[in-house]
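Trainee: Sequence plus predicted model, see below.
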Amino acid sequence: MRLIVVSNRVTIPDRQEKATAGGLAVALREALEQHGGLWFGWSGGISDAAVHDIRQIQRGNVTYAVTDLSEAERQSYYLGFSNRALWPLMHYRLGLTDFQRSDYMGYLGVNRRFARALASLIQLDDVIWIHDYHLIPLAAELRRRGVTNRIGYFHHIPWPSADVIGALPFSGTLIRTIAAYDLVGMQTELDVRNLIGGLEALCGGRRDGQRVRVGTRETEVQAFPIGIDVEGFRRLATASTRQAPTPLRATRESLGERKLVVGVDRLDYSKGIVQRLEAFGEFLRSHPEHRGKVSLLQIAPPSRSDVPEYAELDRLSDEVAGRLNAQLGEFDWTPIRVVKKAYSRNALAGFYRRAEVGLVTPMRDGMNLVAKEYVAAQNPADPGVLVLSRFAGAAQQMREALIVNPYDAHEVADAIRTALAMPKTERIRRFEALYTTIAAADIDWWTQRYLDALTGRAGVPGVEAEREKPRTGTRRPARTAVITKRPSQDGKSRKVSKESPRKPEALAASHLAVVRP
């Protein structure tokens with residue numbers, strides 16, 4: 001079998017490139033390189049040529065097949081329907097949803113063109129894995145062209161309830177295309193329930209456990225909470241203590257003995273950055289004994305600057321930070337630093353490790369991998385504390401964090417104070433529990449678990465369906481022992497027996513054996 005991955009954007013690595021990026025792109029690239037495969041999607045380029053050719057570039061065992069968009073397609077498919085209609089709607093922001101029929105037609109048109117190009121590249125025994133909201137109708141378009149292969153879809157952002165998604169014109173038509181997939185992966189069990197509920201309410205679907213039948217097709221919907229490269233990120237953070245990148249050295253020097261609260265997000269309204277700044281201001285007003293002793297560093301690289309709502313967020317975040325610094329700052333202390341640029345993963349790992357508090361408070365998020373990166377980066381002997389929004393998918397796994405309502409500035413402010421005052425023994429206890437959770441369900445586990453389910457090798461439900469619900473906020477569910485690595489202060493991993501939410505087949509099987517050519 002060969003694996004075909006389809007995503008909105010595809011970045012072709014240089015021949016000498018050393019993979020320094022993290023997350024999904026690295027995991028998928030490694031899977032494709034190990035077993036051979038094809039990665040298809042938008043090149044990121046714009047061309048108004050009459051015909052958009054498919055360019056194929058070979059890198060090792062991976063064939064990258066990319067195509068440009070026209071400017072009109074970029075406006076309608078990408079900036080329009082994907083990011084001004086679907087993105088706000090999926091994040092429960094109905095007031096920001098801007099639906100234009102022409103954008104929807106452009107969205108369908110690009111998916112149709114992608115399907116036409118991809119269909120000519122598909123071999124009989126290929127397994128196809130499509131990613132994210134830009135490409136929801138792609139499987140339906142492939143089916144219309146006679147593709148009968150196993151096709152899976154993973155939805156990386158939240159999926160709202162039927163009454164929310166139903167506000168979108170043509171929502172029933174769009175959601176019905178989900179039935180063209182054999183397996184749909186969501187981040188959380190709530191997303192699973194919402195999607196199945198939408199298929200029932202808007203498309204007349206009939207549910208049977210985690211399967212739903214729409215018309216003549218039956219689709220399985222499961223939760224597959226995505227993870228990170230835990231060991232790799234831990235190593236980056238440990239290395240930062242020995243050889244710190246320039247931005248981290250400068251930050252350490254300017255902070256001195258002051259404590260650091262850190263937030264790292266794209267500049268997006270779903271991340272709650274403005275509300276986070278206000279909450280930190282409330283913390284300083286409510287607890288004046290911390291003034292001059294704690295600073296917030298908010299790293300917020302801009303994104304989608306062509307979308308008006310993002311330009312307004314850029315302006316507003318500057319305004320709020322400036323107002324709070326003017327009100328609360330001193331001549332030798334700036335309470336809030338907002339840095340609107342991207343940093344390397346090495347630098348981010350160092351910032352996380354230096355910070356006493358990781359402030360991860362999105363208004364709504366599919367998972368939020370920053371929360372997991374913050375935990376992975378901590379010094380096990382003296383870890384920081386994670387403050388996490390209840391509306392991030394990660395909150396369903398990371399229950400030992402301080403869980404907060406990001407809409408309540410006072411609650412977030414009190415959590416910051418609690419985190420800063422927390423005794424070391426309690427910080428270590430919470431850290432060890434959180435590290436155990438994220439290490440047991442890392443990015444490799446997620447990749448193999450999904451593909452095992454897609455190819456029929458593992459007909460098991462997602463982690464969260466199996467995990468016993470705790471009776472209190474700190475009680476651990478029943479676990480089974482696996483051998484993994486526990487981080488140590490010196491940066492060396494030592495094999496220890498720990499517990500995981502369940503024994504994943506991915507830890508015992510060869511990685512992605514299902515897609516061997």
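Mentor: Noted; the coordinates are in hand.
Trainee: which SS state does Thr63 fall under?
Mentor: strand (DSSP: H, G, I helix; E, B strand; the rest coil).
Trainee: which residues touch it?
Mentor: Thr63 makes contacts with Gly37, Leu38, Trp39, Gln56, Ile57, as judged by C-beta atoms under 8 Å, 6 or more residues apart in numbering. C-beta here means a position set from N, CA and C on the backbone, and glycine is covered the same way.
Trainee: my guess is the second one contacts Gln123, does it?
Mentor: No: counting by C-beta atoms under 8 Å, Leu38 sits too far from Gln123 to count as a contact (9.2 Å).
Trainee: which of those two has more neighbours?
Mentor: Leu38 (21 against 11; other C-beta atoms under 10 Å).
Trainee: Let's verify the more buried one: helix, strand, or coil?
Mentor: Three-state call for Leu38 (three-state DSSP): strand.
Trainee: I'd like to know how far it sits from Ile54.
Mentor: Going from Leu38 to Ile54 by C-beta to C-beta, to the nearest Å gives 11 Å.
Trainee: Which neighbours do these two have in common?
Mentor: Shared contacts of Leu38 and Ile54 (C-beta under 8 Å, 6+ apart): Ala65, Leu121.
Trainee: one step back: overlap in contacts of Leu38 and Gln123?
Mentor: In contact with both Leu38 and Gln123: Arg2, using C-beta under 8 Å, 6+ apart.
Trainee: Pull up the per-residue confidence for the residue of the chain most remote from its centre.
Mentor: Largest separation from the mean C-alpha position in the chain: Phe331, at 38.5 Å (C-alpha atoms, centre = their mean). Among the per-residue scores, Phe331 holds a pLDDT of 90.
Trainee: Likewise for Arg234?
Mentor: pLDDT, Arg234: 96.
Trainee: now do Leu248
Mentor: Reading off the model, Leu248 has pLDDT 73.
Trainee: got it, and Ala509?
Mentor: Ala509 carries a pLDDT score of 32 in this model.
Trainee: and if you look at Ala50?
Mentor: The model reports Ala50 with a pLDDT of 77.
Trainee: ok, now which ones touch it?
Mentor: Shown in contact with Ala50 (C-beta under 8 Å, 6+ apart): no residues.
Trainee: May I have the phi/psi pair for it?
Mentor: phi -60, psi -30 (degrees, to the nearest 10).
Trainee: so how far is Ala115 from it?
Mentor: Ala50 is 20 Å from Ala115, by C-beta to C-beta.
Trainee: Also Tyr92?
Mentor: Applying C-beta to C-beta, the value for Tyr92 to Ala115 is 30 Å.
Trainee: Same drill for the two, tell me which one is more crowded.
Mentor: Comparing Tyr92 with Ala115 by other C-beta under 10 Å, the one with more neighbours is Ala115, at 21 against 17.
Trainee: If you drop the residues flanking it in sequence, what lies closest to the more buried one?
Mentor: Glu141 (3.4 Å; C-beta to C-beta, 6 or more residues apart in numbering).
Trainee: just checking, that neighbour touches Tyr107?
Mentor: No: counting by C-beta under 8 Å, Glu141 does not reach Tyr107; the two are 11.6 Å apart.
Trainee: Those two: which has the busier surroundings?
Mentor: Tyr107 (24 against 21).
Trainee: Report the contact partners of the more buried one.
Mentor: Ser76, Tyr77, Gly80, Phe81, Ser82, Pro137.
Trainee: and the two most separated of these?
Mentor: The most widely separated members of the contacts of Tyr107 are Gly80 and Pro137, with 15.2 Å between them, by C-beta to C-beta.
Trainee: quick one on the thing from earlier: tell me if the residue nearest to Ala115 really is in a helix.
Mentor: Yes: judged by three-state DSSP, Glu141 forms part of a helix.
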